[in-house]
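Visitor: Please work out how this folds:
(chains A, B, C and D)
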Protein chains: 4
Amino acid sequence: MIVVLKKGADEEKVDALKQELTHMGLQLHLSDGVNTSLIGLVGDTTEVDAEWLSALDVVESVKRIKEPYKKANKDMHPKDTVVDIAGRKIGGGFFQVIAGPCSVETREQMTEVALDVKKAGAGLLRGGAFKPRTSPYSFQGLGDEGLKMLLEAKKATGLPIVTEIMSTDHLPLFDEVDVIQVGTRNMQNFQLLKELGKVDKPILLKRGMANTLEELLMSAEYIMAGGNEKVILCERGIRTFETSMRNTLDVSAIPMLKSKTHLPVIVDPSHAAGLRFMVEPLTMAAIAAGADGVMIEVHNNPEKALCDGKQSLTPQAFSDLMSKVSRTAAFFGKDMQEAGE
Amino acid sequence: MIVVLKKGADEEKVDALKQELTHMGLQLHLSDGVNTSLIGLVGDTTEVDAEWLSALDVVESVKRIKEPYKKANKDMHPKDTVVDIAGRKIGGGFFQVIAGPCSVETREQMTEVALDVKKAGAGLLRGGAFKPRTSPYSFQGLGDEGLKMLLEAKKATGLPIVTEIMSTDHLPLFDEVDVIQVGTRNMQNFQLLKELGKVDKPILLKRGMANTLEELLMSAEYIMAGGNEKVILCERGIRTFETSMRNTLDVSAIPMLKSKTHLPVIVDPSHAAGLRFMVEPLTMAAIAAGADGVMIEVHNNPEKALCDGKQSLTPQAFSDLMSKVSRTAAFFGKDMQEAGE
Amino acid sequence: MIVVLKKGADEEKVDALKQELTHMGLQLHLSDGVNTSLIGLVGDTTEVDAEWLSALDVVESVKRIKEPYKKANKDMHPKDTVVDIAGRKIGGGFFQVIAGPCSVETREQMTEVALDVKKAGAGLLRGGAFKPRTSPYSFQGLGDEGLKMLLEAKKATGLPIVTEIMSTDHLPLFDEVDVIQVGTRNMQNFQLLKELGKVDKPILLKRGMANTLEELLMSAEYIMAGGNEKVILCERGIRTFETSMRNTLDVSAIPMLKSKTHLPVIVDPSHAAGLRFMVEPLTMAAIAAGADGVMIEVHNNPEKALCDGKQSLTPQAFSDLMSKVSRTAAFFGKDMQEAGE
Amino acid sequence: MIVVLKKGADEEKVDALKQELTHMGLQLHLSDGVNTSLIGLVGDTTEVDAEWLSALDVVESVKRIKEPYKKANKDMHPKDTVVDIAGRKIGGGFFQVIAGPCSVETREQMTEVALDVKKAGAGLLRGGAFKPRTSPYSFQGLGDEGLKMLLEAKKATGLPIVTEIMSTDHLPLFDEVDVIQVGTRNMQNFQLLKELGKVDKPILLKRGMANTLEELLMSAEYIMAGGNEKVILCERGIRTFETSMRNTLDVSAIPMLKSKTHLPVIVDPSHAAGLRFMVEPLTMAAIAAGADGVMIEVHNNPEKALCDGKQSLTPQAFSDLMSKVSRTAAFFGKDMQEAGE
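Guide: Here you go, the predicted model:
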């Protein structure tokens, strides 16, 4: 961290600052120029508050050199984390496909889709019981009833399940859930992240629609700082000026995240563009860019889906996609464990 | 709402769709062209799910004409809502200044600042006890201890207080709080919004950093649909490509929101740019554009502030600003009740 | 195109509007509801000015249904355009790699890199003589001297060349250039586009950093409307909030553009992220998503490069990449003609 | 400028770099930490290419401390520049209103509007002869014929005129034009900026829709580096995610630009939102935030306007606005010379 001092800053105040920084256990490297004086801070600056520093009267600006996250940082943990979900591995060369409907609608639908996606080769099952919707008048999910149907589908297929949490209040209901998902609108719901840091389950953390990768990693750090290091990052499309699709998949996030963190990175091509015909090319691009998995919406009757039917694949289309996914993952050197192996 | 049908769409399916729409109580206006067939939907389309419609096989696209919010809509409620907070009115020509520190730090600081801002003419007191911070290693607020200090400052000054809630779990602690604030990162924390719909207190709803005005109004609608119609909207800067300041204040949001809703609209110039020297010009711009109030950070020792000191005014600077605010609000025809009147 | 009329609009004015639209050769489909009256316009609406319409007193809003471009539209021209550049085909299943330095620096550098990229299998040679730089104090390119060096490299290798034009004034210098590139900052330099519409050479049109795909296609339409239909579209990264890389490659643009236009779509992974280690994964993602080619910066001494050295590959790294590109293009069913075939 | 060296960087290469930087006339301040070594560069770093530096093998990153512009920098020129246009002063406390139609349509229209805006108190006349339009099928302006009509209106009223240039080819036609405007899409048309640096006329430089303020100042620097220091900056709305209006006026740009540069800053509230009812509140906000002028579209028959009629005021509405502008400018301490004084 570099602290740029103001021209003509009060010397007494600068000395006080230097003392304070030394007390924080940091080494100081001073550099005085004609126009600019700098203090280089050496040591663990993760907990130094850059905003506090930059508010000081004598400080012109503050520049971070090291990333402000520790546990999520690849530097501290060079080996890729492999998250194991009931035997399904993700990360570190292992690739998983998570599939299922956007929302759980009926017992029959859920179990039928679950059997279909298992047959097609998916490794995990997804389904939404608590649904974040922009409008209070849209279908909000079946809640705990939906969760029960999802658990039945889990029993029927043996597939581990992934489902979204919307409030810490619901945590007791998630006992038998295998992976807890944090949705894009809750990426910076810090209270929720803190609670999930105390849970002993993998967390699938979706990137906020307009958040930077550093912010995503800081949110992962919230969970990890609480003691839960099983975090799976998920890129699901960012908000841009484009209007022909819902969001813009940020494929660059994959190699960039992988250069900065040891955590697995997966992609949700269904929510990204929000359009069925885009799911296949975006899935292929995600694998080619190095993703550790994809999460795909499948519905046995997309036209009757109570949410996001526009982007859901039929079981047949999903099965066709899966054979391409298998070949492509293999081509790019990924180990894709078959469900049930 | 206009439904554009696909060229050559299956007639049977189109008929089924028409029946379904009619059953929903809508009138249908059909228009068949050489290349395009349209169905115009007349009636209350607020609860028609545009995503569901656009997912149908026979549907090319769906265009909304009416806004998807009802209770927040000016059409339904042409008279401006005036929110009354312990006698302080906001909206419909009444203008309020909310002031105080970003976060509550000590009993002394809080009461001192409270007395200062009251003296300078602020109508409401703000202070953060639960602080949403990007990093888990930054100061997170004093929590319920902070809330107690804020309540003491309320007692000492008689000023009603505004403070942020971060989780439904904390709701019992907010009994004596006058206005509950929802922060920018929680604008789409729908579970929280639903709970606040059941509360009988004004809610100050901050716009998300990358959210549209329609999304802001839909979030207000969540609260209002629950029965709580006392919502105050707050523009606090949006994320743009600019790097010289933290966020970009969207002054246009004021007249645009006022053309669409009857709810009061205030502005937070302190968080917008995040820079002390910008607070005055942005406050002036907000008043000139028609805002119903501003929310300003004041700290008795900005350099020692545990968060956002860079943007906080000293009590003296705030007092100077207040005299400009009074004159300017009067110039633009606003009724600015003095505290204690 | 649908014209939504204002509630209670003056009937005489509406009649006048209807007459005007009929005179423009359009068929009108009327639909009167309780709250909304619509006019559906059937016929060629490409030349109907939506802004003019929406400015009318009686008009509430205007919604386009058909895209406002004709010649670039896939509907009008379902077969993919194959652009032939001195025997190198691009589009319609043919894939090309364009490679070379960001800017031409010396005769030796240019020819050396040209021989290197040819040997590695590139189909076309790139090099900048006129360089758009944000700062007037940065290296601006060698201009016509640089162009001469590029032409010598063309002679030495037989590779067709691609280079950027920055002003219509320079057009006479581009006689022996094979493909004229329009840079991202000139995508809406309409005067330049009009002039290029009169040229009988392929134009490589780069997407503006913050432009929509429709705007890109409208800019292609400018060139095509002038008579030059050999336009190659290039996605090169868009501006987002991310700060860890220069721009964000929009891989989704590839399948979306291909659903809307018959023109070839290539990708520039070097400029997108602006970082060497990202070139390979982004190239792979581009091929996987269906791109018709990639454009890659290669420099024989990236550290001494006068511009964009941070993203340039060494000839050796490029050669390694090319063997992956060949295998991957083949895997995804692209026909990649070897240079010199 | 601070150069952060890579951990374990080759010492020989670092020495070579140090020599090179010293040869550039810079003083070097070294600071070696356990994890990070820095070189602080002291002297005129404006012409040091940060991209070149950051591409070097031994360099981790480069952080600028000083702005990369010189002539536009307030540090170098603390006194505000006052641009004098045929006696009308703008900047340094002087405020001007520029008004007229978006595009010149007929001799009668142009002269009529010109007489109207003069009567209402506008200081300068605007009108577009060369129009940048997204679609090649939209009205492109009357070109040199339009310019002639504008010059006639100038003669009829005595008002100096402002009009947009789209290509260096047209420069000879601009002899009698008082202020040459560079449009938002040409803000980084560097060839055009260079040519305008040789002209002895004020240049009104509009900010690009997705450009940072630093980029705007670098474009001003292009003109100033060529010798023409009479640059007027214009904020005209930036692209955001908001869809209810065309663009989002960035009012914050006014105080921020004024803290960085001595050049005058004006605002175009008509193009910003693109909606008539927003012109007044945005004009008021611009004055309140410290703008040196505004540019407003006026049309004698907005409904028949060939472009942007939706945002044009009638002469009567403009006259009403002008009386508010006069009072508000006076309230905020601006000297608004009456036309013809």
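Visitor: So residue A:116 is in contact with residue A:300, correct?
Guide: Yes - counting by Cβ atoms under 8 Å, residue A:116 touches residue A:300, with 6.8 Å between them. C-beta here means a position set from N, CA and C on the backbone, and glycine is covered the same way.
Visitor: Chain C contacts on chain A?
Guide: Residues of chain A lying near chain C by Cβ under 8 Å from any Cβ of the partner chain: A:210-214, A:238, A:240-245, A:248-256, A:259-260, A:272-273, A:277-278, A:281-282, A:284-290, A:328, A:331-332.
Visitor: try it again with 6 Å
Guide: A:212-213, A:241-242, A:244, A:248-252, A:255-256, A:273, A:278, A:281, A:284-285, A:288-290, A:331 (Cβ under 6 Å from any Cβ of the partner chain).
Visitor: can you give me the strands in chain A?
Guide: A:2-5, A:27-32, A:37-42, A:59-63, A:83-85, A:88-90, A:96-100, A:124-126, A:161-165, A:179-182, A:203-206, A:231-235, A:265-267, A:293-297 (DSSP state E).
Visitor: Just put those in TSV and tack on mean pLDDT.
Guide: Formatted as TSV, the strands of chain A follow (pLDDT from 0 to 100):
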stretch	mean pLDDT
strand A:2-5	86
strand A:27-32	79
strand A:37-42	81
strand A:59-63	85
strand A:83-85	97
strand A:88-90	97
strand A:96-100	98
strand A:124-126	98
strand A:161-165	98
strand A:179-182	98
strand A:203-206	98
strand A:231-235	98
strand A:265-267	98
strand A:293-297	98
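Visitor: now those strands in JSON lines, with mean neighbour count?
Guide: Compiled in JSON lines, the strands of chain A are given as follows (neighbours: other Cβ atoms under 10 Å in any protein chain shown):
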{"stretch": "strand A:2-5", "mean neighbour count": "22"}
{"stretch": "strand A:27-32", "mean neighbour count": "15"}
{"stretch": "strand A:37-42", "mean neighbour count": "22"}
{"stretch": "strand A:59-63", "mean neighbour count": "18"}
{"stretch": "strand A:83-85", "mean neighbour count": "19"}
{"stretch": "strand A:88-90", "mean neighbour count": "23"}
{"stretch": "strand A:96-100", "mean neighbour count": "28"}
{"stretch": "strand A:124-126", "mean neighbour count": "28"}
{"stretch": "strand A:161-165", "mean neighbour count": "24"}
{"stretch": "strand A:179-182", "mean neighbour count": "24"}
{"stretch": "strand A:203-206", "mean neighbour count": "26"}
{"stretch": "strand A:231-235", "mean neighbour count": "26"}
{"stretch": "strand A:265-267", "mean neighbour count": "26"}
{"stretch": "strand A:293-297", "mean neighbour count": "28"}
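Visitor: what about the residue of the stretch 151-300 of chain A found nearest chain B, how many neighbours?
Guide: Using Cβ to the nearest Cβ, residue A:210 is the residue of the stretch 151-300 of chain A that sits closest to chain B, at 3.2 Å. For residue A:210, the neighbour count with other Cβ atoms under 10 Å in any protein chain shown is 21.
Visitor: Repeat that for residue A:303.
Guide: 17.
Visitor: Would you enumerate the residues in contact with it?
Guide: For residue A:303, the set of contacting residues under the criterion of Cβ atoms under 6 Å, 6 or more residues apart in numbering or on different chains consists of A:309, B:56-57.
Visitor: Check residue A:48 too.
Guide: With Cβ under 6 Å, 6+ apart, residue A:48 has no contacts at all.
Visitor: gap between it and residue A:41?
Guide: As for residue A:48, its distance to residue A:41 is 7 Å (criterion: Cβ to Cβ, to the nearest Å).
Visitor: just residue A:91 next, same as before
Guide: 33 Å.
Visitor: same thing with residue A:304?
Guide: 59 Å.
Visitor: on that earlier part again, does the residue of the stretch 151-300 of chain A closest to chain B touch residue A:239 like I think?
Guide: Yes - between residue A:210 and residue A:239 there is a contact at 5.0 Å, judged by Cβ atoms under 6 Å.
Visitor: any shared contact partners between those two?
Guide: Joint contacts of residue A:210 and residue A:239 (Cβ under 6 Å, 6+ apart) are residue B:210.
Visitor: Where do the helices of chain A begin and end?
Guide: All helices of chain A, identified by DSSP state H, fall at A:11-23, A:50-55, A:107-120, A:144-157, A:190-196, A:213-225, A:253-260, A:269-273, A:276-288, A:315-331.
Visitor: which stretch in those helices is the model least sure about?
Guide: In terms of mean pLDDT, the lowest-scoring of the helices of chain A is helix A:50-55 (a mean of 81).
Visitor: The contacts of residue A:303, buried ones only, as a ChimeraX selection?
Guide: Buried subset of those, written as a ChimeraX selection, criterion 16 or more other Cβ atoms under 10 Å in any protein chain shown:
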select /A:309 /B:56
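Visitor: can you list the contacts of residue A:303 in CSV and add distance to residue A:31 and pLDDT?
Guide: Below are the contacts of residue A:303 laid out as CSV (distance: Cβ to Cβ, whole Å; pLDDT from 0 to 100):
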residue, distance to residue A:31, pLDDT
A:309, 61, 80
B:56, 66, 83
B:57, 67, 81
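Visitor: Return the closest of the contacts of residue A:303 with respect to residue B:183.
Guide: residue A:309 (32.9 Å; Cβ to Cβ).
Visitor: Help me confirm that the closest one comes into contact with residue B:55.
Guide: Yes - between residue A:309 and residue B:55 a contact is recorded at 3.2 Å, counting by Cβ under 6 Å.
Visitor: What's the per-residue pLDDT of residue A:35 here?
Guide: Predicted confidence (pLDDT) for residue A:35: 62.
Visitor: Show the contacting residues for residue A:60.
Guide: A:4, A:6.
Visitor: if I look at it, how far off is residue D:123?
Guide: For residue A:60, the distance to residue D:123 - Cβ to Cβ - is 39 Å.
Visitor: got it, and residue A:337?
Guide: In terms of Cβ to Cβ, residue A:337 sits 74 Å off from residue D:123.
Visitor: who's more crowded, those two?
Guide: Between residue A:337 and residue D:123, residue D:123 has the larger neighbour count (other Cβ under 10 Å), namely 27 against 15.
Visitor: how about that one, phi and psi?
Guide: phi -90, psi -30 (degrees, to the nearest 10).
Visitor: Surely residue A:112 is in contact with residue A:301?
Guide: No - using Cβ under 6 Å, residue A:112 makes no contact with residue A:301, being 9.6 Å away.
Visitor: which one of the two has more residues nearby?
Guide: Between residue A:112 and residue A:301, counted using other Cβ under 10 Å, residue A:112 has the larger neighbour count: 18 against 15.
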